[in-house]
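Novice: Turn this into a structure:
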Amino acid sequence: MNYSTFKKAAVFSLVAVLGLTGISNAQDATSSSASSSAKVFGGRSQYRTWSLGLNAGVLTPHILTGGTNDFNKANAELGYGLSLRKQLGHAFGLQFDAMRGELSGENSTDKRGQVVVIPRGAPTAFETDLAYALSLSGVANVATVDFLKRENNLNFFVKAGYGVAGYAPRVPADWKGKSGDNRDEKYVQETFIPVGVGAKFKVSERVNFDLGYTQNFLDGDNLDGYYGRPSSQDKWSYGYAGIEFSLGSSAKPSLDWVNPLAMMYDELKDPTLRNELDALKGRVSALEAADWLKDSDGDGVADKLDKCPGTEAGIKVDGSGCPLDVDGDGIPDSKDACPTVKGTAEYNGCPGPAGNVAMGNVIQFEFDSSVLRTDAYPILDGISSDLRANSSARVHLHGHASSEGTTEYNMTLSRDRANSVKTYLVNSGVAASRITTTAYGESQPVASNATESGRIANRRVEAMMK
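Specialist: Below is the predicted model:
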């Protein structure tokens, strides 16, 4: 096959591509409803990911990017092969390629009208049987024409990988059956690196027409049966056209043509989703018209489900619309000064003095102070007298504080206040073993800390006789 034949083949391939593209557009126009069952890009499971390809084209011992060659004229020979690809994502896949064919070239002293000097001893021509070239490559989709449309007809790709080739030169010497280190193998086996580009034309949901060009860099200088320059390594190129078939369930689209950005754009224009949204709005409007969503007291629970209608504004409610009351004392948490401790309305939801604590046995303190006031002495003297008169009696001192300051500081302050009372009672003749102290800090107010009068009442020690 010469270059004129190659040119004719290229023209024929281009005409075929244009024709197939036109057929593809006609098919897409008449069968768009069956083109894709995927509405949202959700991973490989909803797509076909395997494809099988057959191809044929032109093999030459030169590459378009140039480089040194042992023969200055490349002949175009027939090559053919197949491919198996697994698409891992919309933009990347792994492809196995297998091909074979013939390679040939010449050393011409008259190349394009110019006299060329051929190295002494170099053969005038070579012919090589490329028995197989097996490779595994990564294939990246680099551009999809009309990427803002779900249905695309043209895509471009690049690929690169690693492979093993088996070949045997026939001219200038026959290497077949005489290859290998011991000259007893049928073919020379060497590794090579394939690097290629190409384009895919969508014919239908199952079929693509491919055009591609691959440069193959061999790790050796035996491909043409001639050892040329010491630094030269052989190479060959493969320009091809082929058909690729998408494998898998016909109910799924091919992942090779998916573009998530296009799908997102398409969703915004999807009439089905828009109709569903309009229908949902209609149902909400119908519910509002039927008073199903009416909420007269504004507590977030519709009147139809509200077990406590007319809740005062600002009060937190549970799922049934009733005020939250964690401690179950009948005072809503939003008004309860002690929401986690059961109390009484008289003390804004906080517990009042214990039943066995007389109001007279409460010792008050000044702000941020644990020093006993003089008006506490008569109360403490009475407690001391009762304890000394009843040798089996004991007293528990509970220290408290108002809410000013940090929780830790108020805990320490309430402890100091209880110890001040204990010290006074011990000095008055009561054994220390009959007195216990407990600090509560600001956790058990008897009045609201929101007012000054309430805070004054909370600065106290309660003496509980047992």
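Novice: And the strands in the stretch 1-150 of the chain, which stretches?
Specialist: Assigned by DSSP state E, counting those that start in this stretch, the strands in the stretch 1-150 of the chain fall at 50-60, 73-74, 77-87, 92-106, 110-111, 114-115, 125-144.
Novice: Tell me which of those strands sits nearest to residue 450.
Specialist: Among the strands of the stretch 1-150 of the chain, the nearest to residue 450 by Cβ to Cβ is strand 92-106 (65.4 Å). Using the backbone N, CA and C atoms, a C-beta is placed for each residue, glycine as well.
Novice: Check the average confidence over that closest one, would you?
Specialist: What strand 92-106 shows for mean pLDDT is 95.
Novice: Residue 405 - that's part of a helix, no?
Specialist: No: counting by DSSP: H, G, I helix; E, B strand; the rest coil, residue 405 is not found in a helix; it is coil.
Novice: Now do the same contact list for residue 44.
Specialist: 87-89, 255 (Cβ atoms under 8 Å, 6 or more residues apart in numbering).
Novice: now do residue 402
Specialist: Here residue 402 is in contact with 367, 410, 442, 445, 449, 454-456, 458-459 (Cβ under 8 Å, 6+ apart).
Novice: Any quick ChimeraX command for the buried ones out of the residues you listed?
Specialist: A single ChimeraX command selects the buried members of these (16 or more other Cβ atoms under 10 Å):
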select :410,442,445,449,454,455,458,459
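Novice: Looking at the contacts of residue 402, spot the one nearest residue 47.
Specialist: Nearest member of the contacts of residue 402 to residue 47, counting by Cβ to Cβ, is residue 442, at 63.7 Å.
Novice: pLDDT below threshold where in the stretch 301-450 of the chain?
Specialist: Low-confidence segments of the stretch 301-450 of the chain, defined by pLDDT under 70: 327, 334-360.
Novice: For it, which segments are assigned as strands?
Specialist: In order along the chain, the stretch 301-450 of the chain carries the following strands (DSSP E, counting those that start in this stretch): 362-364, 395-399, 435-439.
Novice: looking at those, which is closest to residue 328?
Specialist: strand 395-399 (23.0 Å).
Novice: Touching the closest one from outside, list them.
Specialist: 383, 387, 413-419, 421-422, 425, 430, 434-440, 444, 461-466.
Novice: Is residue 193 in contact with residue 235, as I believe?
Specialist: No: between residue 193 and residue 235 there is no contact, the gap being 9.6 Å when judged by Cβ atoms under 8 Å.
Novice: okay, and the common contacts of these two?
Specialist: 216-217.
Novice: Who has more neighbours out of those two?
Specialist: Comparing residue 193 with residue 235 by other Cβ atoms under 10 Å, the one with more neighbours is residue 235, at 20 against 16.
Novice: tell me the contacts of the more buried one?
Specialist: Residues in contact with residue 235 (Cβ under 8 Å, 6+ apart) are 61-63, 67, 69, 215-218, 223.
Novice: what sits opposite it in the beta ladder?
Specialist: residue 217 (DSSP bridges).
Novice: Next one: it, what pLDDT does it get?
Specialist: 93.
Novice: picking that back up, mind telling me which of the strands of the stretch 1-150 of the chain the model trusts least?
Specialist: Lowest mean pLDDT within the strands of the stretch 1-150 of the chain: strand 114-115, a mean of 52.
Novice: do you know how far the closest residue to residue 432 other than its chain neighbours is from residue 104?
Specialist: Spatial nearest neighbour of residue 432, chain neighbours left out: residue 426 (5.1 Å); criterion: Cβ to Cβ, 6 or more residues apart in numbering. Taking Cβ to Cβ, to the nearest Å as the measure, residue 426 falls 117 Å from residue 104.
Novice: Between the two, which is the more surrounded one?
Specialist: residue 104 (21 against 15).
Novice: Residue 81: how many residues sit nearby?
Specialist: 21.
Novice: For it, give me its contacts.
Specialist: Counted by Cβ under 8 Å, 6+ apart, residue 81 has contacts 54-56, 97-100, 133, 238, 240.
Novice: ditto for residue 127
Specialist: 102-104, 169-171.
Novice: let's go with 6 Å and repeat that
Specialist: Applying Cβ atoms under 6 Å, 6 or more residues apart in numbering to residue 127 gives the contacts 104, 170-171.
Novice: Also residue 303?
Specialist: Residues in contact with residue 303 (Cβ under 6 Å, 6+ apart) are 294, 296.
Novice: For it, grab phi and psi.
Specialist: phi -50, psi -30 (degrees, to the nearest 10).
Novice: ok, so what distance separates it from residue 309?
Specialist: Residue 303 is 6 Å from residue 309, by Cβ to Cβ.
Novice: Can you list the residue ranges for helices in the protein?
Specialist: 3-30, 260-268, 271-289, 377-389, 407-427, 452-458 (DSSP state H).
Novice: pLDDT averaged over the first one - what is it?
Specialist: Pointing back at helix 3-30 there. The predicted model assigns helix 3-30 a mean pLDDT of 41.
Novice: Pull out the buried members of the contacts of residue 81.
Specialist: 55-56, 97, 99-100, 133, 238, 240.
Novice: which one of the residues you listed is nearest residue 227?
Specialist: Using Cβ to Cβ, the buried ones among the contacts of residue 81 come closest to residue 227 at residue 133, 21.1 Å.
Novice: Contact partners for the closest residue in space to the closest one that isn't next to it in sequence?
Specialist: Leaving aside its sequence neighbours, residue 133 sits nearest to residue 165 (Cβ to Cβ, 6+ apart; 4.4 Å). Listed by Cβ under 6 Å, 6+ apart, the contact set of residue 165 reads 133, 190, 192.
Novice: per-residue pLDDT, residue 165?
Specialist: Confidence for residue 165, expressed as pLDDT, is 96.
Novice: Over to residue 269?
Specialist: At residue 269, pLDDT is 67.
Novice: Ok, the one 5 residues further on next?
Specialist: Among the per-residue scores, residue 274 holds a pLDDT of 74.
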